[in-house]
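Peer 1: kindly return the folded structure for what I paste below:
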Amino acid sequence: MKRILVPTDFSDNAYSALFYATRLFQNQPCQFYILNTFEVNTPVLTGRIDTSKGDATYQRLSATSVDALATTYHSIVRDSEGLKHTFETISISKDLTETINKTIKNKDIDLVVMGTKGVTGAASLFMGSNTVKVVQKIKHCPVLIVPNEFNFNKPAEIAFPTDFKRFYLEEEIKPLLDVASLFGSNIHIFHINEDKKLDDIQEYNYNLLKKLLNDFTHSLHWGSKTEQKAVLINNFIDEFNISLVVMVNYKHSLIETITHEPVIKKIGFHPSIPFLVIPDAT
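Peer 2: The predicted model follows:
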C-alpha cells in the first residue's frame, strides 16, 4: 500500500492537491496522512515569557487545526467514495518542513503531495514559498506539486526534461515509472541541447536511461537553447499536451537551473499541470 503525505493549510489549492492524489492512485489502495502544522508565538512581557498566554494560544490554535482537519477528512472520504483509500489526520505545532521530514521517516512515506496557487499575476511564481522550501529541504521522498483547481485527467503524456549530464539510478526514476505504469503513459524525454550533439558522457547516460525505460513507450525530443530553459519547457508542455512533468532534483540539475533564471520571476515555471520532483538518490 502506497503511503502518501499531504500537508494542508485548509486552502482550496491544498484540497485540490489531496483530491488529485486520490484520483492519480485511484486503482490502488493508499494510506493518506493529512498534515496541518501551526506555530505558537508565545508573548514576551517585561523580559519574561508569558506562558499562560502561550498555553491559551496553543489550545486555541490546536482546536482550530483539529476541527479543520476533521472537516477535510469528512470531505475527502465523501469525495473518494468507492476508492480503496484510508485517511488519517495529523495536527502538530512544529515547523512545516521539519515535520514533513520526520513524518516521512516515522510513517515510511512514499510521496509528499502539495498544492500551489499558480499564477495570479505577472510577477507570480509557480511555487509558493512553502512549496519551494519543501522541494529544497525534502531529500528522501518525491514531492508532487499540484496547481490550484487542477481538474484531474489521466497523465497520458509525461515530460521528463534532462540534460544527460548524469546517469539515473533505477530507484531514482521508479516514481516516474510507477505513474507511467498506472495509465500506460507515453514518456517524452526532453533534452535541451547546448551543443550540436551529445558528448561521450551524455551518450552513455542516454543509453542507460533508454534501458531503464525499455518496457515503456518513450521518445526523445531535442530543444535548442535559444531561450531560457523555463520557456522551452513551457513550450514543450503546450506542444505535446503534457499532463505531468517529472524531474530529478540533484546539484546543478535543470530544476536548480530554471529556478535561478530571471524569467522564473516573470512567468513562473508552469502553472497549469502537476510537477513531480524526485530527490537525488546518489
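Peer 1: ok, now how distant is residue 177 from residue 136?
Peer 2: 25 Å (C-beta to C-beta, to the nearest Å). All C-beta atoms are positioned from the backbone trio N, CA, C, and that covers glycine.
Peer 1: equivalent analysis for residue 100, please.
Peer 2: With distances defined as C-beta to C-beta, the gap from residue 100 to residue 136 amounts to 12 Å.
Peer 1: assumed residue 65 was part of a helix.
Peer 2: Yes - per DSSP: H, G, I helix; E, B strand; the rest coil, residue 65 lies within a helix segment.
Peer 1: which element, helix or strand, includes residue 28?
Peer 2: For residue 28, there is no enclosing helix or strand under DSSP states H and E.
Peer 1: hang on, the earlier thing: of residue 177 and residue 136, who's got more company?
Peer 2: More neighbours sit around residue 177 than around the other of residue 177 and residue 136, counting by other C-beta atoms under 10 Å; the figures are 17 against 14.
Peer 1: what's the closest non-adjacent residue to the more buried one?
Peer 2: Spatial nearest neighbour of residue 177, chain neighbours left out: residue 216 (6.7 Å); criterion: C-beta to C-beta, 6 or more residues apart in numbering.
Peer 1: can you pull out the strands in the stretch 101-250 of the chain?
Peer 2: Using DSSP state E, counting those that start in this stretch, the strands of the stretch 101-250 of the chain run over 111-116, 143-147, 157-162, 186-193, 218-224, 244-249.
Peer 1: of these, flag the one that's most buried.
Peer 2: strand 111-116 (a mean of 26; mean count of other C-beta atoms under 10 Å).
Peer 1: neighbouring strands for it, and are they parallel or not?
Peer 2: With DSSP bridges as the criterion, the sheet partners recorded for strand 111-116 are strand 2-7 (parallel), strand 143-147 (parallel).
Peer 1: and residue 182, how far is that from residue 26?
Peer 2: 9 Å.
Peer 1: give me phi/psi at the residue nearest to residue 177?
Peer 2: phi -120, psi 150 (degrees, to the nearest 10).
Peer 1: wait, it sits on residue 178?
Peer 2: No - taking C-beta atoms under 8 Å as the definition, residue 216 is not a contact partner of residue 178, at 11.1 Å.
Peer 1: what do those two both touch?
Peer 2: Shared contacts of residue 216 and residue 178, defined by C-beta atoms under 8 Å, 6 or more residues apart in numbering, are absent.
Peer 1: put together CSV for the strands of the stretch 101-250 of the chain, with distance to residue 75 on each row.
Peer 2: Shown next, in CSV, are those (distance: least, C-beta to C-beta, whole Å):
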stretch, distance to residue 75
strand 111-116, 14
strand 143-147, 16
strand 157-162, 29
strand 186-193, 33
strand 218-224, 38
strand 244-249, 25
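Peer 1: least confident secondary structure element in the chain?
Peer 2: For the chain, the helix or strand with the lowest mean confidence is helix 264-267, at a mean of 39 (criterion: mean pLDDT, DSSP states H and E).
Peer 1: what angle separates the very next helix or strand once past that helix from strand 111-116?
Peer 2: Toward the C-terminal end, the helix or strand that comes next after helix 264-267 (DSSP H and E) is strand 275-279. In this structure, strand 275-279 runs at an angle of 140 degrees to strand 111-116, with axes from the mean of the first three to the mean of the last three C-alpha atoms, to 10 degrees as the basis.
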